[in-house]
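Q: 3D, please:
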Amino acid sequence: MPPSKLQSLWNHPAGPKTIHFWAPTFKWGITVANVADFSKPPDTLSYPQQLAAVGLSGLIWSRYSTIVTPKNWNLFSVSLGMSATGIYQLARKARHDYYNPKENVAQGEEIMPTNVPKVRS
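A: Numbers count the residues shown, from 1 in each chain. Sure, this is the predicted structure:
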């Protein structure tokens, strides 16, 4: 990158001399932590944390970052990453809780609905 590009980045209204650069940069830590949680068992995940704190806040802040002046593309990218990882974690949790009949059978739970009579042999 030529020095003029570095100089324009340095002097940008959302550049490294402002909080508008550093807050989203450190916010990447939340996204990285959520990616690290991909290896956790889904039953340890929290619906409120993944939905409200990570998923929805990521979507809200990604929209906000495009309407403020100056446009903050660093905030946009980290917020999009947060919402993507939050939605993925929610999908893992929902799949584990609602669409995993093999594990439920292994735990001794029945798959049949309660309103269907059992046939005795």
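Q: need the residue closest to the centroid of the chain.
A: In the chain, the centroid-proximal residue (Cα atoms, centre = their mean) is Gly86; its distance is 2.1 Å.
Q: helix, strand or coil for that one?
A: helix (DSSP: H, G, I helix; E, B strand; the rest coil).
Q: doesn't Tyr47 make contact with it?
A: No. Contact criterion Cβ atoms under 8 Å: Gly86 and Tyr47 do not qualify, at 10.6 Å. The way it works is simple: take the backbone N, C-alpha and C, and place the C-beta from them, glycine included.
Q: I'd like the average pLDDT over stretch 27-36.
A: Mean pLDDT, computed over stretch 27-36, is 93.
Q: next, the buried residues of that stretch.
A: For stretch 27-36, the neighbour count (16 or more other Cβ atoms under 10 Å) marks Lys27, Ile30, Thr31, Asn34 as buried.
Q: tell me the contacts of Asn72?
A: Taking Cβ atoms under 8 Å, 6 or more residues apart in numbering, we find Asn72 in contact with Ala14, His20, Pro24, Ser65.
Q: please disregard the earlier target; I meant Thr25.
A: Asn74, Val78.
Q: how near is it to His96?
A: Separation of Thr25 from His96 (Cβ to Cβ, to the nearest Å) stands at 33 Å.
Q: swap in Gly58?
A: As judged by Cβ to Cβ, Gly58 and His96 stand 22 Å apart.
Q: again, but for Tyr88
A: Computed as Cβ to Cβ, the Tyr88 to His96 distance reads 13 Å.
Q: also Pro13?
A: For Pro13, the distance to His96 - Cβ to Cβ - is 44 Å.
Q: could you identify the most distant pair in the buried residues of stretch 27-36?
A: The span of the buried residues of stretch 27-36, defined through Cβ to Cβ, is set by Lys27 and Asn34 at 11.3 Å.
Q: identify the contacts common to the two.
A: Met82.
Q: show me the helices in the protein, by range?
A: Ranges of helices within the chain are 3-10, 19-36, 47-48, 57-67, 73-98, 101-106, based on DSSP state H.
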